[in-house]
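Peer 1: sequence? don't have it. structure:
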(Lines give C-alpha, C1' and ligand atoms only; values in the text may rest on other atoms or scores of the structure.)
Protein backbone atom coordinates (compact mmCIF):
# COMPACT_ATOMS: atom_id res chain seq x y z
CA UNK A 1 0.00 0.00 0.00
CA UNK A 2 1.63 3.23 -1.19
CA UNK A 3 1.97 6.24 1.15
CA UNK A 4 -0.28 8.58 -0.82
CA UNK A 5 -0.82 10.70 2.32
CA UNK A 6 2.76 12.04 2.31
CA UNK A 7 1.83 14.19 -0.72
CA UNK A 8 -1.08 15.82 1.11
CA UNK A 9 -0.95 19.08 3.05
CA UNK A 10 -1.91 20.09 6.59
CA UNK A 11 -2.73 23.74 5.96
CA UNK A 12 -5.87 24.90 7.73
CA UNK A 13 -6.28 27.64 5.11
CA UNK A 14 -6.42 25.08 2.28
CA UNK A 15 -8.46 22.26 3.81
CA UNK A 16 -9.07 20.43 0.52
CA UNK A 17 -5.38 19.59 0.34
CA UNK A 18 -5.59 17.82 3.69
CA UNK A 19 -7.36 14.97 1.90
CA UNK A 20 -6.47 12.10 -0.39
CA UNK A 21 -8.77 11.92 -3.40
CA UNK A 22 -9.93 8.81 -5.27
CA UNK A 23 -11.20 9.43 -8.79
CA UNK A 24 -11.09 7.69 -12.17
CA UNK A 25 -9.36 4.62 -10.76
CA UNK A 26 -6.53 6.62 -9.17
CA UNK A 27 -5.61 8.08 -5.79
CA UNK A 28 -4.34 11.67 -5.72
CA UNK A 29 -2.82 13.99 -3.12
CA UNK A 30 -1.12 17.39 -3.15
CA UNK A 31 0.05 20.16 -0.86
CA UNK A 32 0.53 22.61 -3.79
CA UNK A 33 4.29 21.96 -3.79
CA UNK A 34 4.25 18.26 -4.62
CA UNK A 35 1.55 16.01 -6.04
CA UNK A 36 1.15 12.28 -6.48
CA UNK A 37 -1.06 10.06 -8.64
CA UNK A 38 -1.30 6.33 -7.88
CA UNK A 39 -3.23 3.60 -9.67
CA UNK A 40 -5.73 2.05 -7.28
CA UNK A 41 -4.19 -1.42 -7.39
CA UNK A 42 -1.01 0.05 -5.86
CA UNK A 43 -3.01 1.42 -2.91
CA UNK A 44 -6.20 -0.53 -2.19
CA UNK A 45 -9.32 -1.65 -3.99
CA UNK A 46 -12.67 -2.24 -2.33
CA UNK A 47 -15.94 -3.21 -3.97
CA UNK A 48 -18.93 -1.02 -3.26
CA UNK A 49 -16.99 2.24 -2.90
CA UNK A 50 -18.28 5.29 -4.79
CA UNK A 51 -16.61 6.35 -8.05
CA UNK A 52 -15.14 9.34 -6.23
CA UNK A 53 -14.35 9.69 -2.53
CA UNK A 54 -12.05 11.51 -0.12
CA UNK A 55 -10.09 10.39 2.96
CA UNK A 56 -8.39 12.77 5.40
CA UNK A 57 -4.62 12.37 5.02
CA UNK A 58 -4.24 11.76 8.78
CA UNK A 59 -6.77 8.91 8.54
CA UNK A 60 -5.03 7.56 5.45
CA UNK A 61 -1.75 7.61 7.40
CA UNK A 62 -3.38 5.75 10.31
CA UNK A 63 -4.80 3.21 7.88
CA UNK A 64 -1.37 2.68 6.32
CA UNK A 65 0.39 2.39 9.68
CA UNK A 66 -1.45 -0.78 10.72
CA UNK A 67 -0.06 -2.71 7.72
CA UNK A 68 -3.45 -3.52 6.18
CA UNK A 69 -4.19 -7.04 5.05
CA UNK A 70 -7.86 -6.51 4.17
CA UNK A 71 -10.62 -3.97 3.74
CA UNK A 72 -14.38 -4.07 4.18
CA UNK A 73 -17.04 -1.46 3.52
CA UNK A 74 -19.60 -1.36 6.32
CA UNK A 75 -22.17 1.32 7.19
CA UNK A 76 -20.35 3.99 5.19
CA UNK A 77 -17.00 3.34 6.86
CA UNK A 78 -13.94 1.49 5.55
CA UNK A 79 -12.99 -1.17 8.06
CA UNK A 80 -9.27 -1.82 7.71
CA UNK A 81 -7.89 -5.09 9.03
CA UNK A 82 -4.25 -4.99 10.10
CA UNK A 83 -1.87 -7.68 11.27
CA UNK A 84 -2.16 -6.59 14.90
CA UNK A 85 -5.03 -4.10 14.97
CA UNK A 86 -7.95 -2.72 12.99
CA UNK A 87 -8.89 0.81 12.00
CA UNK A 88 -12.22 2.40 11.06
CA UNK A 89 -11.54 4.89 8.28
CA UNK A 90 -14.25 7.43 7.45
CA UNK A 91 -14.53 8.93 3.98
CA UNK A 92 -16.55 11.56 2.15
CA UNK A 93 -18.39 11.10 -1.12
CA UNK A 94 -17.97 13.73 -3.84
CA UNK A 95 -21.15 15.55 -2.81
CA UNK A 96 -20.26 15.44 0.89
CA UNK A 97 -16.77 16.75 0.16
CA UNK A 98 -18.08 19.58 -2.03
CA UNK A 99 -20.56 20.67 0.66
CA UNK A 100 -18.25 20.31 3.65
CA UNK A 101 -14.82 21.21 2.24
CA UNK A 102 -15.11 22.64 -1.25
CA UNK A 103 -13.28 21.94 -4.47
CA UNK A 104 -10.31 19.59 -4.80
CA UNK A 105 -7.38 20.63 -7.02
CA UNK A 106 -7.41 19.07 -10.50
CA UNK A 107 -4.12 17.17 -10.29
CA UNK A 108 -4.68 15.54 -13.68
CA UNK A 109 -4.84 19.02 -15.24
CA UNK A 110 -1.53 19.95 -13.58
CA UNK A 111 0.09 16.71 -14.74
CA UNK A 112 -1.29 17.12 -18.24
CA UNK A 113 -0.01 20.72 -18.40
CA UNK A 114 3.43 19.71 -17.12
CA UNK A 115 3.58 16.86 -19.61
CA UNK A 116 2.13 18.71 -22.60
CA UNK A 117 5.52 19.43 -24.13
CA UNK A 118 7.01 16.03 -23.38
CA UNK A 119 7.26 13.37 -26.01
CA UNK A 120 8.22 9.78 -25.29
CA UNK A 121 11.87 9.34 -26.19
CA UNK A 122 12.62 13.08 -25.78
CA UNK A 123 12.33 13.41 -22.00
CA UNK A 124 15.73 14.29 -20.50
CA UNK A 125 16.56 12.12 -17.53
CA UNK A 126 19.09 12.07 -14.73
CA UNK A 127 18.71 9.72 -11.77
CA UNK A 128 19.91 10.54 -8.26
CA UNK A 129 19.61 8.59 -5.04
CA UNK A 130 16.92 10.10 -2.80
CA UNK A 131 18.99 9.08 0.23
CA UNK A 132 22.02 10.93 -1.11
CA UNK A 133 19.93 14.04 -1.85
CA UNK A 134 18.66 13.93 1.74
CA UNK A 135 22.21 13.62 3.07
CA UNK A 136 23.45 16.52 0.92
CA UNK A 137 20.54 18.71 2.05
CA UNK A 138 21.24 17.79 5.67
CA UNK A 139 24.96 18.44 5.25
CA UNK A 140 24.34 21.84 3.69
CA UNK A 141 21.89 22.65 6.48
CA UNK A 142 19.18 23.75 4.07
CA UNK A 143 15.58 22.74 3.42
CA UNK A 144 15.86 23.94 -0.19
CA UNK A 145 18.73 23.18 -2.53
CA UNK A 146 19.43 23.90 -6.19
CA UNK A 147 21.09 21.66 -8.75
CA UNK A 148 23.42 23.12 -11.38
CA UNK A 149 24.59 21.05 -14.32
CA UNK A 150 27.71 21.33 -16.47
CA UNK A 151 27.92 20.25 -20.09
CA UNK A 152 29.63 16.91 -19.45
CA UNK A 153 27.96 13.58 -20.08
CA UNK A 154 28.45 12.44 -16.48
CA UNK A 155 25.54 14.66 -15.36
CA UNK A 156 27.16 15.25 -12.00
CA UNK A 157 25.41 18.20 -10.38
CA UNK A 158 26.73 20.98 -8.18
CA UNK A 159 24.41 21.42 -5.23
CA UNK A 160 24.02 24.71 -3.40
CA UNK A 161 21.96 25.80 -0.43
CA UNK A 162 19.40 28.44 -1.34
CA UNK A 163 20.12 30.19 1.96
CA UNK A 164 22.29 33.16 0.94
CA UNK A 165 23.99 33.14 4.33
CA UNK A 166 25.36 29.69 3.50
CA UNK A 167 27.59 30.89 0.64
CA UNK A 168 30.57 29.04 2.12
CA UNK A 169 29.17 25.62 1.19
CA UNK A 170 29.40 23.66 -2.05
CA UNK A 171 28.49 20.06 -2.74
CA UNK A 172 28.41 17.75 -5.72
CA UNK A 173 26.25 14.71 -6.32
CA UNK A 174 26.86 11.95 -8.85
CA UNK A 175 24.05 10.30 -10.80
CA UNK A 176 22.99 6.72 -10.25
CA UNK A 177 23.18 4.32 -13.19
CA UNK A 178 19.80 3.12 -14.41
CA UNK A 179 19.49 0.81 -17.45
CA UNK A 180 18.07 2.32 -20.64
CA UNK A 181 15.02 0.04 -20.55
CA UNK A 182 14.08 1.45 -17.12
CA UNK A 183 14.26 4.99 -18.50
CA UNK A 184 12.15 4.00 -21.51
CA UNK A 185 9.52 2.42 -19.25
CA UNK A 186 9.56 5.54 -17.06
CA UNK A 187 9.02 7.79 -20.07
CA UNK A 188 6.07 5.64 -21.16
CA UNK A 189 4.62 5.89 -17.63
CA UNK A 190 4.98 9.69 -17.66
CA UNK A 191 3.21 9.87 -21.00
CA UNK A 192 0.41 7.52 -19.94
CA UNK A 193 -0.24 9.01 -16.51
CA UNK A 194 -0.20 12.64 -17.63
CA UNK A 195 -2.96 12.07 -20.15
CA UNK A 196 -6.24 13.14 -18.60
CA UNK A 197 -8.19 10.63 -20.64
CA UNK A 198 -6.79 7.72 -18.59
CA UNK A 199 -9.63 5.89 -16.85
CA UNK A 200 -9.62 2.65 -14.89
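Peer 2: Great, that's in hand. Note that the structure is a prediction, hence the values are computed from the model and not measured.
Peer 1: name the element residue 60 belongs to?
Peer 2: Assigned by DSSP states H and E, residue 60 belongs to helix 57-65.
Peer 1: go on, residue 114?
Peer 2: With DSSP H and E as the criterion, residue 114 is inside helix 107-115.
Peer 1: and that helix, what does it pack onto?
Peer 2: For helix 107-115, the elements it packs on are strand 26-30, strand 35-39, helix 180-193, judged by 3 or more Cβ pairs under 8 Å, 6 or more residues apart in numbering; DSSP states H and E. For the C-beta atoms, the positions are set from N, CA and C on the backbone; glycine is no exception.
Peer 1: try it again with 6 Å
Peer 2: If you count contacts as 3 or more Cβ pairs under 6 Å, 6 or more residues apart in numbering; DSSP states H and E, helix 107-115 packs onto no helix or strand.
Peer 1: what are the contacting residues of that helix?
Peer 2: 28, 30, 35, 194, 196 (Cβ atoms under 6 Å, 6 or more residues apart in numbering).
Peer 1: I'd say residue 28 and residue 21 touch.
Peer 2: Yes - using Cβ atoms under 6 Å, residue 28 is in contact with residue 21, at 4.5 Å.
Peer 1: related to what we said a few turns ago, C-terminal to the helix holding residue 60, what's the next element?
Peer 2: As assigned by DSSP H and E, the chain's next helix or strand after helix 57-65 is strand 68-74.
Peer 1: before we move on, the earlier item: avg pLDDT for the helix holding residue 114?
Peer 2: Helix 107-115 shows a mean pLDDT of 83.
Peer 1: nice, that's everything, thank you.
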